[in-house]
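Peer 1: Dropping the sequence and predicted coords here.
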Amino acid sequence: MLYRVEGIVIRSMDYGEGNKIITVCTKTHGKVGVLVRGAKKVKSRHAAMTQLFTYGEFMYFKSGQGLGTLNQGEILESHHVLREQLHLTAYASYAAELLDRGLEEGEVGGYLFEQLHACLQALEQGKDPQITIHLYEMKILQSAGYSPELLTCVSCGRDDAPMLFSSRLGGTLCIHCQNRDPAALAISEGTLKLLRLFDRMDMRRLGNIDVKPATKVQMKQCMRSFLDVHLGLNLKSQNFLDQMDKYNI
């Protein structure tokens, strides 16, 4: 059967002498794997379609449960800037790998395609990459069914006491229940407000947000610990981002 879909390349790997296999996050068919014959050849007309972060229209033939085979394609947005600047490549690669590894094929639909597209656009437009990625992480967690509780204490239900953040228990924990998770993170009111904002905000509505460095540090701690507990992924791109932060690249 012949398919025509819009999608974004989230993974690309060499296959055999001159071919590539790409994984595409599509608007209508979830994640799909497509074989692109001859993509590694110098004069290949499909080579550009296999570049990471490329948003395009893909026409491929697929029979049964195997890979599709690309017939033709058209680039809608190349996102070449994301491949040319190291720090943007790192963040965009993390966004792509998080979707690819964090969600099964059936869990990826039009909503997540739009969130990924908006994330890549925000990175390309120069919006704060760390804030962009944390909002995107929240959307991935929500889609995977691990949305944190951020309005009340996950233990007693109070909403009128200073809050901690417990990844193990699934969200905010009031100081009266701190003994339920001694490892819960102390967070500022600003961090809690930002978490709550991200919980209800769509990636497509992200503007330029000015966030204090201390709040960014706490946001990273919260999102990292929550992802580690509930998704348990060891992502190569995440390790590279950590190295960039370590050496201030």
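Peer 2: Received the coordinates, thanks. Not measured: the values here are computed from a predicted model.
Peer 1: Identify the residues contacting the residue of the chain most remote from its centre.
Peer 2: No residue in the chain sits farther from the centre than H176, which is 34.3 Å out by CA atoms, centre = their mean. With contacts defined as CB atoms under 8 Å, 6 or more residues apart in numbering, the neighbours of H176 are C153, C156, R158, A161. The C-beta positions use only the backbone N, C-alpha and C, and glycine is treated the same way.
Peer 1: Can you report how many residues neighbour the third one?
Peer 2: So the one you mean is R158. Counted with other CB atoms under 10 Å, the neighbours of R158 add up to 15.
Peer 1: So the closest residue to it other than its chain neighbours versus S12, what's the distance?
Peer 2: Nearest residue to R158, sequence neighbours excluded (CB to CB, 6 or more residues apart in numbering): C174, at 4.8 Å. Look at C174 and S12: by CB to CB, to the nearest Å, they are 46 Å apart.
Peer 1: hmm, back to that, what about the contacts of H176, which are in helices?
Peer 2: Assignment to helices by DSSP state H places none of the contacts of H176 there.
Peer 1: now those residues: which count as buried?
Peer 2: Neighbour-count burial (16 or more other CB atoms under 10 Å) applied to the contacts of H176 gives C153.
Peer 1: quick one: which two of the contacts of H176 are the most distant?
Peer 2: Farthest apart among the contacts of H176 by CB to CB are C156 and A161. That separation is 9.1 Å.
Peer 1: Now do the strands in this structure.
Peer 2: Assigned by DSSP state E, the chain shows strands spanning 2-15, 19-26, 31-36, 55-61, 68-77, 163-166, 171-174, 185-186.
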